[in-house]
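**Q** Pasted the sequence and its predicted model underneath.
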Amino acid sequence: MKLKVTQENLNKALNLVARVADSHSTLPVLANVLLRAEKNRLSISATNLEIGITHFVGAKIEKEGVITIPANLFSSYISSLPSSVVSLELEDNKLKIDTDQYNSTINGINAEDFPVMPAIDKGESFTMDAGILRKGLSQVVFAAATSDSRPVLTGVYLHTEEGRLFMVATDSSRLAEKEIGATKKEIKLLVPATSMHELQRVLDEHIEIVNVVMDEQQAMFKVGDTELVSRLINSNYPSYRAIIPKEQAINAVVKRSDLLNITKVSSLFARETAGSITIEVDEDQKNIHIRALASQLGENSSMADAKVTGSGSVTLNSKFLIDALNAMSGEDVEFSFNSKIEPVLIKDPKNKDYIHVIMPLKA
């Protein structure tokens, strides 16, 4: 292997790829990135056996070749170099890295030991608008479970219904659903949330289209010069629509910024009670009122004006409410529920493509 590549392009590729490398694995090669020089471009890949990312970089290839080298060291070293042309040359599993001012050698591991994600030979394919996908991921992924006690809930579920594509995640205490758009394909993909977090990083704002290729075990997302392959969760997603309230007797439309501010203030006093806050909607006073009580710290009461129908109260986890409000971008939010023991529905009254459900706490 012998080639020349710009520091900027190499650094960008390593920033996208290197963090997937698994430095804690019992397989030392998984802590490495795979460099492959062929056909006038350099591909850089990393995998932890669940996710694999490859980024392609234009390069001047003098001699083709392949090697794996430690991801953290290589990435940190390249990011420390000034803007310049970087020469890479492989000799006996040692990669020589030269610029005008810097010369280093990093020991590698033979590429034959590097695991390759299986190719998707006979998969279905479809496309998604990159901007809508990027927005949807920011609104949904955080609601997936982080505990492996129920693996099915650690994924983000992409599925079609009546010609519309939806993305949903839930940890059983909250649920977020985003409508992505129309499609003629029949799609059912349960992708680990960890993979979707990586896809968020890969989705550059200049990318317009994401191509997806899938089979029963894997999905590949092609984003510009980057390919992300993820194993799928082999499980049936729960029928989540059953918990989304159809009608709500108590409804408040309030400025999102106002509700977010009073929730943040009340959350400061809710730390002793695991974030528990009580939200009261008052039709007579035409406001939404939040209370938090901490025996050691004191208590707080905050209020915001709202357009209200019905009166009642419900107790929620303040962090969940803050997360939901931060995921939305409209000026107003609609906050509605039926009773203190039933789910709370949060949505934008002017935009129906995103809904958020939070299960109440025991008062």
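**A** Ah, there it is.

**Q** looking at it, S172 is touching S147, isn't it?
**A** No - judged on C-beta atoms under 8 Å, S172 makes no contact with S147 at a distance of 10.1 Å. From N, CA and C alone the C-beta is placed, and that goes for glycine too.

**Q** shaky segments in the protein?
**A** 295, 363 (pLDDT under 70).

**Q** The residue lying farthest from the centre of it: what's it in contact with?
**A** The C-alpha centroid of the chain is most remote from D284, which lies 41.3 Å away (C-alpha atoms, centre = their mean). D284 makes contact with S311 under the criterion C-beta atoms under 8 Å, 6 or more residues apart in numbering.

**Q** That one in helix, strand or coil?
**A** Following DSSP: H, G, I helix; E, B strand; the rest coil, D284 is assigned to coil.

**Q** I'd like to know how far it sits from D305.
**A** In this view, D284 and D305 are 13 Å apart by C-beta to C-beta, to the nearest Å.

**Q** Starting from V308, give me the distance back to the residue farthest from the centre of the chain.
**A** In terms of C-beta to C-beta, D284 sits 9 Å off from V308.

**Q** Cross-check the contact I'm expecting between F337 and E247.
**A** No - using C-beta under 8 Å, F337 makes no contact with E247, being 10.8 Å away.

**Q** Which one's more surrounded, those two?
**A** F337 (27 against 8; other C-beta atoms under 10 Å).

**Q** The more buried one pairs with what?
**A** Beta-bridge partners for F337, by DSSP bridges, are I250.

**Q** Spatially nearest residue to D171 (excluding sequence neighbours)?
**A** By the measure of C-beta to C-beta, 6 or more residues apart in numbering, the closest residue to D171 outside its immediate chain neighbours is A145, 3.8 Å from it.

**Q** so how many other residues sit close to the one you found?
**A** Applying other C-beta under 10 Å, we find 18 residues neighbouring A145.

**Q** Where does it sit: helix, strand or coil?
**A** Criterion first, three-state DSSP; result for A145: coil.

**Q** so what's A37 up against?
**A** By C-beta under 8 Å, 6+ apart, the neighbours of A37 are 1-3, 59, 61, 63-66, 88.

**Q** Setting the sequence-adjacent residues aside, check what's closest to A111.
**A** Counting by C-beta to C-beta, 6+ apart, the nearest residue to A111 once its immediate chain neighbours are dropped is V66, at 4.3 Å.

**Q** now do L175
**A** Closest residue to L175 apart from its sequence neighbours, by C-beta to C-beta, 6+ apart: V357 at 4.3 Å.

**Q** Report whether the expected contact of that neighbour with I346 is present.
**A** Yes - V357 is within contact range of I346, at 7.5 Å (criterion: C-beta under 8 Å).

**Q** So if I had to pick from S172 and S147, which one is more boxed in?
**A** Neighbours were counted for S172 and for S147 using other C-beta under 10 Å; S172 has more, 12 against 9.

**Q** OK, contacts around the more buried one?
**A** When contacts are counted by C-beta under 8 Å, 6+ apart, S172 touches 145, 150, 153, 359.
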